[in-house]
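In: here is a sequence together with a model predicted from it:
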Amino acid sequence: MPNPTTHNPISRPLTRRTLLRNLALTAAAVPLPKLTAQPQYGGSTGQQRGEMGRIAGAFRQQFSVPATSIAISRNGQFAYDQSAGMADREHQTQVTQDSLFRVASLSKPITSVTIFTLLEQGKLTLTDKVFGPGAIFDNKYGKPPYKQWVTDITVDELLTHTCGGWSNDANDPMMHNNGWDHTKLITETIANQPLTNQPGTHWAYSNFGYCILGRVIEQITGQPYDTYVKANILAPCGISTMQIAANKEGQRAPNEVVYYGQYSEDPYKLNVTRMDSHGGWIASSTELVQFLNHVAGAPGIPALLKPATIKLMTTPAPAYPPGDARYARGWMVRNNGAGPWWHSGSLPGTTTIMVRTPTGFCWAALANTRTQPSNQIDTAIDQMMWNMVRTVPSWNA
């Protein structure tokens with residue numbers, strides 16, 4: 001058998017002269033890349049995309065974030081997507097663009113859009129009462145007499161966080177009694193945790209209200225919440241891997257990242273599965289942007305909802321305090337819905353943001369940790385995304 005090295009020119013020793021000659025020939029044959037805008041990246045240049053990556057890297061460094069996943073589309077076309085960092089530090093697993101993250105309260109817009117599709121189908125109205133005889137649930141969650149104002153609550157008041165109580169504070173029902181299922185949690189809460197305001201008169205962010213909306217979807221459709229949403233909202237968007245999170249690290253879905261608590265927070269002490277309709281989904285940033293593009297449509301992308309429905313969904317709640325940024329129905333909005341709509345998300349081990357702008361952009365950013373006070377990292381991930389899209393002046397973001 002011949003010696004293979006005698007037939008392999010690569011294995012011949014390279015002198016300094018031949019090495020320099022080969023490098024010169026290579027340089028002559030391959031022109032240096034030009035810093036030109038590339039259509040497949042929304043008209044951005046390599047230099048601009050590099051700067052965007054540096055902005056994301058500075059965010060990760062500042063807040064000790066193991067991994068981020070970012071996706072940006074412009075006029076319905078993906079213009080940037082990049083995931084960087086560690087999905088799993090212990091096993092040295094790099095994050096990818098397919099990696100799934102807990103999205104926390106980005107689940108609320110998904111639930112809201114689902115409610116509005118049922119409204120378009122004539123299966124419910126925003127003024128439908130939720131609890132009590134003749135209401136959506138009738139007496140499924142306890143029997144009369146109910147506590148004050150409970151039978152006055154409407155679907156709209158759940159959507160707008162104006163149901164009168166059960167707010168996102170130390171007594172948030174979703175953060176207690178982890179062993180209870182939805183039925184027991186709702187039954188016990190409406191019986192033992194009185195409302196503090198008449199429905200419709202006071203705004204207070206309510207995870208529990210969106211938990212109830214998940215059960216409204218189940219009652220109206222006769223299907224489990226996630227089953228209905230996957231088939232009727234996500235599948236038409238081309239989304240196939242979004243699902244409800246499991247609670248323990250060892251139960252993670254394929255391609256799901258590990259979550260890292262800071263300041264003694266434990267991401268795996270939560271009943272995230274029970275949070276389904278207010279904070280339970282896992283998704284990639286790419287899938288969230290697909291969802292955003294489909295809600296009201298984009299060039300070549302059909303809309304999930306009609307323009308009149310979109311207008312209703314993005315009209316601020318009257319009880320929300322005055323200002324430019326106000327909560328509507330499942331979304332924060334600016335300029336009474338004519339500006340950007342967005343939602344942020346935060347749980348131990350999770351920080352998220354997704355935004356849809358009137359200038360044709362949709363973006364999402366996901367991180368597998370959070371710091372305290374959480375409002376600092378919440379503000380920073382939002383600012384990071386605006387800084388990134390403004391790196392390309394021609395985008396006019």
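Out: Everything's here; your move. Because the structure is a prediction, the values reported are computed rather than measured.
In: ends of stretch 224-239, how far apart?
Out: Distance across stretch 224-239, first residue to last, is 18 Å (Cα to Cα, to the nearest Å).
In: what mean pLDDT does it get?
Out: Per-region confidence: stretch 224-239 scores 98 on mean pLDDT.
In: now it: buried residues?
Out: Under the neighbour-count criterion of 16 or more other Cβ atoms under 10 Å, stretch 224-239 has 225-226, 228-230, 232-234, 237, 239 buried. Where C-beta positions appear, they are placed from N, C-alpha and C, glycine not excepted.
In: contacts for that stretch, please.
Out: Identification of contacts with stretch 224-239 by Cβ atoms under 8 Å, 6 or more residues apart in numbering yields 110-111, 113-114, 117, 214-215, 217-218, 221, 240, 242-244, 276-277, 283, 287, 290-291, 293-294, 302, 304.
In: which of those count as buried?
Out: If we count by 16+ other Cβ under 10 Å, those have these buried: 110-111, 113-114, 117, 214-215, 217-218, 221, 242-244, 276-277, 283, 287, 290-291, 293-294, 304.
In: just the residues you listed: which are in helices?
Out: Those of the buried ones among the contacts of stretch 224-239 mapping onto helices are 110-111, 113-114, 117, 214-215, 217-218, 221, 276-277, 287, 290-291, 293-294, per DSSP state H.
In: what about residue 195, how many residues nearby?
Out: Residue 195 has 18 neighbouring residues, counting by other Cβ atoms under 10 Å.
In: now do the contacts for it.
Out: Counting by Cβ under 8 Å, 6+ apart, residue 195 touches 147-150, 163-166.
In: and the residue nearest in space to the middle of the chain, helix, strand or coil?
Out: Taking Cα atoms, centre = their mean as the criterion, residue 106 is the residue nearest the geometric centre of the chain, at 3.7 Å. The three-state label given to residue 106 by DSSP: H, G, I helix; E, B strand; the rest coil is helix.
In: tell me the confidence at it?
Out: What the model reports as pLDDT for residue 106 is 98.
In: could you do residue 12 as well?
Out: In this model, residue 12 is scored at 36, pLDDT.
In: for residue 375, give its distance to residue 43.
Out: Relative to residue 43, residue 375 is positioned 34 Å away (Cβ to Cβ, to the nearest Å).
In: if any of the contacts of residue 195 are buried, give me the ChimeraX selection for them.
Out: Provided next is the ChimeraX selection string for whichever of the contacts of residue 195 are buried by 16+ other Cβ under 10 Å:
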select :147,149,150,163,164,165,166
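In: quick check: the farthest pair among the contacts of residue 195?
Out: 148 and 166 (13.6 Å; Cβ to Cβ).
In: re the thing from before, over to the nearest residue to the residue nearest to the centre of the chain once chain neighbours are set aside: give its phi and psi.
Out: Excluding the flanking residues, the one nearest residue 106 by Cβ to Cβ, 6 or more residues apart in numbering is residue 345, at 4.6 Å. When read as degrees, to the nearest 10, the backbone of residue 345 gives phi -140, psi 140.
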